[in-house]
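Chemist: Predicted structure and sequence below. I'll ask about it afterward.
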Amino acid sequence: MAGSESIRLTQYAHGGGCACKIPPGELESVVDGLAAAIARPNAELLVGLDTGDDAAVVRADGGPGIVATTDFFTPVVDDPYDWGRIAATNALSDVYAMGGVPILAVNLLGWPRDVLPFELAAEVLRGGLDVAALAGCHVGGGHSVDDPEPKYGLAVTGLVDPDRLLRNDTAQPGLPLSLTKPLGIGVLNTRHKSTGQRFEQAIEAMTTLNHDAALAALRAGAVCATDVTGFGLLGHLFKTMRASGAAAEIDIAAVPYLDGARDAVRAGFVSGGTRRNLAWVRDHLDPGLASEEDLLLLADAQTSGGLLVVGEVPGAPVIGRVLPAGPATISLR
């Protein structure tokens, strides 16, 4: 076996990061009807399956809201420590997207034990632990399986004030839309998987916790937000508008992108997940004068992306606005 320093983890997976998600249309058909009524629940369900929000939230005996979520995926970069940091940052993001604070996580690890050395798995876990420590979140063990593909992530529990929840079904017409991280992570990751070229700007974005962004959104009085991950900006915005009974308008010139993102699209480094995202939302889209390149970037399957907030967040660009109630459409201008 080659030395571990020469192993490219992305070559041991059929895809990478959140681009490996089951397409949104297919996923919705799978979970449709799964919500079950419980005659005597042990806790009050505040957020469940109904709107496809970022995490579930319950409250017991009038106490704080408890946020529960999980996220894991195949390698998105070749460096095991960076992959661990990215996967952990991404998993913690769901708690921040609800306006909460993560307090406890457990590891989820799938590892091809006869193919890849365990010293790499240790580096993945170390990366996840370091990010959780930055977030002030305990990591208390976890679960592992022998898996043909390497996979890593966290199951996370957090706390939230039930009166200050950030939800995806509370968008109000007339309010601006803010985006707290630039797009383009997906196409740069796809280029990395194909060529081995390392993109520091993408790694920095993917390992930046959404803690500060969520806190700024709450301080600004926001009540509606979601994080932008595997379904792309267009997919997550469509879900939010559909859940809220509203429509949205995006100023394509105001959307920020990472350096090199457009070059990656022009060179053809577009994942199948991104193309499926665009196909899913296209019937609900008024593209205006947007090019196909613009549409692919707006649908780009992000890994550990930023928050899309209904409201103005200090320091974050305003990329559009919520329109009056009507069909859940997205207009580009």
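Modeler: Sure thing, it's come through.
Chemist: Every contact and neighbour count from this point should use C-alpha atoms.
Modeler: Will do.
Chemist: which stretches of the stretch 151-300 of the chain form helices?
Modeler: When secondary structure is read from DSSP state H, counting those that start in this stretch, the stretch 151-300 of the chain shows helices at 185-195, 200-206, 211-219, 232-244, 261-266, 272-281, 292-298.
Chemist: Can you add mean pLDDT and distance to residue 165 and give these back as CSV?
Modeler: Output for the helices of the stretch 151-300 of the chain, formatted as CSV (pLDDT from 0 to 100; distance: least, CA to CA, whole Å):
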stretch, mean pLDDT, distance to residue 165
helix 185-195, 97, 27
helix 200-206, 98, 24
helix 211-219, 98, 9
helix 232-244, 96, 15
helix 261-266, 98, 33
helix 272-281, 95, 27
helix 292-298, 97, 26
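Chemist: The ones you listed: which one's closest to residue 56?
Modeler: Using CA to CA as the measure, helix 232-244 is the one of the helices of the stretch 151-300 of the chain that comes nearest residue 56, at 15.3 Å.
Chemist: Taking helix 272-281 as reference, get the angle to the closest one.
Modeler: Interaxial angle, helix 232-244 versus helix 272-281 (axes from the mean of the first three to the mean of the last three CA atoms, to 10 degrees): 40 degrees.
Chemist: what's next to helix 232-244, contact-wise?
Modeler: With CA atoms under 8 Å, 6 or more residues apart in numbering as the test, helix 232-244 has contacts from 24, 51-52, 168-172, 226-229, 247-248, 274, 277-278, 280-281, 298-302, 308, 327-330.
Chemist: Would you check that residue 131 makes contact with residue 89?
Modeler: Yes: at 6.5 Å, residue 131 counts as touching residue 89 under the criterion of CA atoms under 8 Å.
Chemist: Comparing these two, which shows the higher neighbour count?
Modeler: residue 89 (28 against 21; other CA atoms under 10 Å).
Chemist: looking at this, that one is in a helix?
Modeler: Yes: assessed by DSSP: H, G, I helix; E, B strand; the rest coil, residue 89 belongs to a helix.
Chemist: can you tell me how far it sits from residue 9?
Modeler: Per CA to CA, to the nearest Å, residue 89 is found 19 Å from residue 9.
Chemist: one step back: show me just the buried residues among the contacts of helix 232-244.
Modeler: When the contacts of helix 232-244 are checked for burial by 16 or more other CA atoms under 10 Å, the buried set is 24, 52, 168-172, 226-229, 247-248, 274, 277-278, 280-281, 298-302, 308, 328-330.
Chemist: Having no further points to raise, I will conclude here.
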